[in-house]
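Colleague: Sharing a model prediction with you, sequence too.
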Amino acid sequence: MTYNVIQANSLQKHMNLYDQQPYWLMKDGIVASYPSLQQHLQVDVAIMGAGISAALTAWHLRNSGLKVAVFDKKHAGMGSTAASTAFLQYEIDTPLTVLKNLIGEPDAVRSYELCRKAIYDIGDLCKSLKPAFDFHLRPSLQYASFKSHTANLLKEFKLRKKHGFKIEWLENTDVKKTFGFDAPGAIFSADGGEVDAYLLTHALLKNFMDAGHKVYNNTAIVHIEHTRQRVILLTANNLTIKAKKLIIACGYESLHYIPKKIADINSTYAMVSEPMADEFFWHKNSLIWETATPYMYFRAVSENRILIGGRDDPFHHPHISPSAINRKTEMLKKAFLKKMPHIPLVPDFSWAGAFASTKDGLPYIGSIAERPNTFFALGFGGNGITFSIIAAQIIHDLILGKKNADADIFRFNR
Ligand SMILES: Cc1cc2nc3c(=O)[nH]c(=O)nc-3n(C[C@H](O)[C@H](O)[C@H](O)COP(=O)(O)OP(=O)(O)OC[C@H]3O[C@@H](n4cnc5c(N)ncnc54)[C@H](O)[C@@H]3O)c2cc1C
């Protein structure tokens, strides 16, 4: 698991504290069960991992005429996907003003445009699922954490405005009037969204299976052999899966399959409050985040709860202690109450998770020379889910031998 699960023997020491499980896992529970693989298998496309990246990629390939199967070493959706706070934003962790200096202005702007498009694509996709899936568009507000951050945020605003993004600049008085808290300045953006990523993963997998494909839980791939024509996977219980193409969608664990270091692994934290009265919610239930590093972000979630996340650490330990999570929860709560002191916020669930971040904030999507017939669908970074949609679209095209004009932006050897 990528999130921290409190150990039974430490429960006593930490009694009376909020539940340390991802909220969605508790709220949604086990949504669907999939069998483990029990015999050798031959497919056109094998997908390793069954999180949101795999589910989106599988769904995009469902009507391709190819026989596709998805394999997870544990349970579908229960990796980072169940822990995700699922802010869907086109603003990646690297501001456009910085990204343009790293990869050039046209590609930087195109990355932002692709992320914006991904939000609307996921909305359309949710509508098209059977049954239709709950998705909400939400505006987002990024406020300057300190007065000294205002000049850079204003530069960011001007550059995005120049490229046609639907944004408004809010002065301190506008932020106060509209959102009820103090901030020296902010960008208010029309394009954002939210979704339950864990439930969506299962909805996508259901539609994928309805199209005649298979999903397997408890089927760990322990060895990968590449021949010129195909890929042969070996599972932990000694079964082989022969595939013409392999897609690796193992979240940050995908880094094991890439010889070059391309990302760092960070720890991130999240908490969900007890339900609140309607009066405590803010303008259009916007997604709110700030310019400080590491940043804090918050949004409204189902059942009238408030979700707060962030305050990342630049490292990851697979077993973050309950007391470390409690400390971070208190930090997040304090940071939130500094902005919204009138809200009687009581934490109910809190958890930690890992995510991979790259130097330029963009994901890596596509192939590496060392692994022929293999594609990586890596939902890295704070925008992992929007990147997963872009990865699914690009990999769909590459597998079907179609040219994708945007694939180069996310290539490995950039
Ligand atoms: C606390 C937290 C908050 C986040 N908030 C946001 C947010 O607000 N917005 C956003 O866009 N993103 C966010 N992210 C990031 C986002 O959750 C991830 O980018 C996304 O869930 C990654 O999905 P995935 O399918 O790539 O990986 P995962 O969900 O981790 O799935 C990978 C799967 O691969 C399986 N696997 C691994 N190795 C093998 C193997 N050898 N054989 C078979 N299966 C294997 C694992 O069991 C796992 O189920 C957040 C992440 C965390 C942890």
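Modeller: On my side now, so go ahead. Numbers count the residues shown, from 1 in each chain.
Colleague: switch to C-alpha atoms for all contacts and neighbour counts from now on
Modeller: Noted.
Colleague: Residues of the stretch 301-414 of the chain that sit close to the ligand?
Modeller: For the stretch 301-414 of the chain, the contact set with the ligand under Cα under 6 Å from any ligand atom comprises Ala352, Gly353, Ala354, Phe355, Leu378, Gly379, Phe380, Gly382, Asn383, Gly384, Ile385, Thr386.
Colleague: try it again with 5 Å
Modeller: Those residues of the stretch 301-414 of the chain that sit near the ligand, judged by Cα under 5 Å from any ligand atom, are Gly353, Ala354, Gly379, Phe380, Gly382, Asn383, Gly384, Ile385.
Colleague: which of these has the most neighbours?
Modeller: Gly379 (32 neighbours; other Cα atoms under 10 Å).
Colleague: Could you check how far that one is from Thr386?
Modeller: As judged by Cα to Cα, to the nearest Å, Gly379 and Thr386 stand 8 Å apart.
Colleague: Equivalent analysis for Phe410, please.
Modeller: 13 Å.
Colleague: And the helices in the stretch 51-200 of the chain?
Modeller: Along the stretch 51-200 of the chain, counting by DSSP state H, counting those that start in this stretch, helices occupy 52-61, 80-83, 96-103, 105-128, 150-162, 172-179, 197-210.
Colleague: Tell me how far the last one lies from the chain's centre.
Modeller: Relative to its parent chain, helix 197-210 has a centroid offset of 16 Å by Cα atoms, centre = their mean, to the nearest Å.
Colleague: Test my guess that Asp134 contacts Val195.
Modeller: Yes - using Cα atoms under 8 Å, Asp134 makes contact with Val195 at a distance of 7.0 Å.
Colleague: neighbour count winner among those two?
Modeller: Higher neighbour count among Asp134 and Val195: Val195, with 22 against 14, using other Cα under 10 Å.
Colleague: just checking, the more buried one touches Ala86?
Modeller: Yes - taking Cα under 8 Å as the definition, Val195 is a contact partner of Ala86 at 6.0 Å.
Colleague: and Ala151, how many neighbours does it have?
Modeller: 12.
Colleague: and it, how far is that from the ligand?
Modeller: Here the criterion is Cα to the nearest ligand atom, to the nearest Å. By it, Ala151 lies 26 Å from the ligand.
Colleague: again with Leu41
Modeller: The spacing between Leu41 and the ligand, counted by Cα to the nearest ligand atom, is 15 Å.
Colleague: what's the answer for Pro341, then?
Modeller: Pro341 sits 23 Å away from the ligand, going by Cα to the nearest ligand atom.
Colleague: Kindly report the same for Thr329.
Modeller: Applying Cα to the nearest ligand atom to Thr329 and the ligand gives a distance of 12 Å.
Colleague: same deal with Tyr120?
Modeller: Separation of Tyr120 from the ligand (Cα to the nearest ligand atom): 14 Å.
Colleague: Count the neighbours of Asp196 for me.
Modeller: When neighbours are counted by other Cα under 10 Å, Asp196 registers 21.
Colleague: what does Asn404 give?
Modeller: Per other Cα under 10 Å, the neighbour tally for Asn404 reads 13.
Colleague: which parts of this structure sit against the ligand?
Modeller: When proximity is defined as Cα under 5 Å from any ligand atom, the chain approaches the ligand at 48-53, 72-74, 79-81, 83-87, 220-221, 250-251, 353-354, 379-380, 382-385.
Colleague: Put the buried members of those into a PyMOL selection.
Modeller: In PyMOL, this line selects whichever of the residues of the chain next to the ligand come out buried by 16 or more other Cα atoms under 10 Å:
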select buried, resi 48+49+50+51+52+53+72+73+74+79+80+81+83+84+85+86+87+220+221+250+251+353+354+379+380+382+383+384+385
